[in-house]
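[1] Below are the sequence and a predicted model for it; my questions follow.
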Amino acid sequence: MIIERTKLKDCLIIKPRIFKDDRGSFMETFRLNILEEVLEQEINFVQDNQSTSYYGSIRGLHFQIGEKSQAKLVRVVKGEVLDVVVDLRPDSPTFKQKFSYLLNDENNHQLFVPKGCAHGFSCLSEEVIFAYKCDTYYDKNAERGIYFADKDLNIDWQIPEKDRIISEKDASNPSLSEFLEEI
Ligand SMILES: Cc1cn([C@H]2C[C@H](O)[C@@H](COP(=O)(O)OP(=O)(O)O[C@H]3O[C@H](C)C(=O)[C@H](O)[C@H]3O)O2)c(=O)[nH]c1=O
């Protein structure tokens with residue numbers, strides 16, 4: 001398992017070692033000690049999630065606030081996504097910067113999304129099974145979102161406008177500047 005840093009502090013790319021033979025393949029998808037060693041902090045994942053998305057779906061940009069802020073370890077079990085992380089940590093040198101990365105069932109890479117960041121992904125393949133760990137339980141009251149097509153973030157989700165599938169909730173998220181005015 002190789003862990004690489006990204007331009008966002010503590011946002012990591014995890015590259016599992018894949019063992020292939022005539023039967024198929026094997027990989028370790030999670031090793032707490034390796035992650036904690038790189039992050040130099042304890043991680044206590046408490047909840048696993050899984051979603052299925054169809055081509056054109058864009059889920060995000062989501063995060064939980066305050067004590068309910070979540071770190072996530074995200075991966076694609078099937079298909080391909082463009083995964084996007086936005087740094088919302090005011091004290092971070094990359095505050096308001098984004099990081100995008102392709103996750104798919106070929107490279108089997110994963111992303112560690114640190115607390116204080118918004119997260120989302122676009123479904124680039126016909127169907128995606130997306131699985132991830134969270135270090136804080138879901139709390140609907142602490143859930144916030146930023147508009148996926150925020151003009152300042154200018155994220156290229158790689159989905160033509162006519163093909164996009166967005167939830168009503170996500171279509172009505174505030175812009176980044178509107179959210180920052182509230183905090
Ligand atoms: C996240 C979550 C949702 N739910 C319920 C709430 C809704 O009734 C239903 C669908 O929720 P939502 O539309 O928020 O699901 P996503 O759009 O996939 O949300 C996720 O999308 C992006 C990619 C993220 O990074 C977040 O982890 C998460 O917000 O599941 C739960 O019961 N528990 C949960 O932990």
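    Happy to help now that I have it.
[2] For the closest residue to Ser122 other than its chain neighbours, identify the helix or strand it belongs to.
    In this structure, Ser122 finds its nearest non-sequential neighbour in Trp157, 3.9 Å apart by CB to CB, 6 or more residues apart in numbering. Where C-beta positions appear, they are placed from N, C-alpha and C, glycine not excepted. With elements delineated by DSSP states H and E, Trp157 resides in a region that no helix or strand encompasses.
[3] per-residue confidence at the residue lying farthest from the centre of the chain?
    Centroid-distance maximum for the chain: Asp22 at 32.8 Å, with CA atoms, centre = their mean. At Asp22, the model reports a pLDDT of 98.
[4] Kindly report the same for the one 3 residues further on.
    Listed pLDDT for Ser25 reads 97.
[5] Show me what the host helix or strand of it is packed up against.
    Using DSSP H and E, Ser25 falls within strand 24-27. Using 3 or more CB pairs under 8 Å, 6 or more residues apart in numbering; DSSP states H and E as the contact criterion, the elements in contact with strand 24-27 are strand 18-21.
[6] Residues contacting the strand it packs on, please?
    With contacts defined as CB atoms under 8 Å, 6 or more residues apart in numbering, strand 18-21 is touched by 25-27, 108.
[7] cool, stretch 161-172 as well?
    Outside of stretch 161-172, the residues within contact range by CB under 8 Å, 6+ apart are 53-60, 145, 147-148, 157.
[8] Just among the residues you listed, which is most surrounded?
    For the contacts of stretch 161-172, neighbours were counted by other CB atoms under 10 Å; the highest total belongs to Ile58, with 26 neighbours.
[9] which residues does that one contact?
    Here Ile58 is in contact with 120-123, 148, 157, 159, 164-166, 170 (CB under 8 Å, 6+ apart).
[10] Considering those residues, which possesses the most neighbours?
    That'd be Phe121 among these, by other CB under 10 Å, with 29 neighbours.
[11] chain center to the helix or strand where it lies, what's the gap?
    In this structure, Phe121 is located in strand 117-123 according to DSSP H and E. Between the mean C-alpha point of strand 117-123 and the mean C-alpha point of its chain there is a distance of 5 Å (CA atoms, centre = their mean, to the nearest Å).
[12] What strands flank it, and is each parallel or antiparallel?
    Strand pairing for strand 117-123, determined by DSSP bridges: strand 58-64 (antiparallel), strand 80-87 (antiparallel).
[13] Leu12: which of those strands is closest?
    strand 80-87 (10.3 Å; CB to CB).
[14] What's the first helix or strand after the closest one?
    Next helix or strand after strand 80-87 toward the C-terminus (DSSP H and E): strand 98-104.
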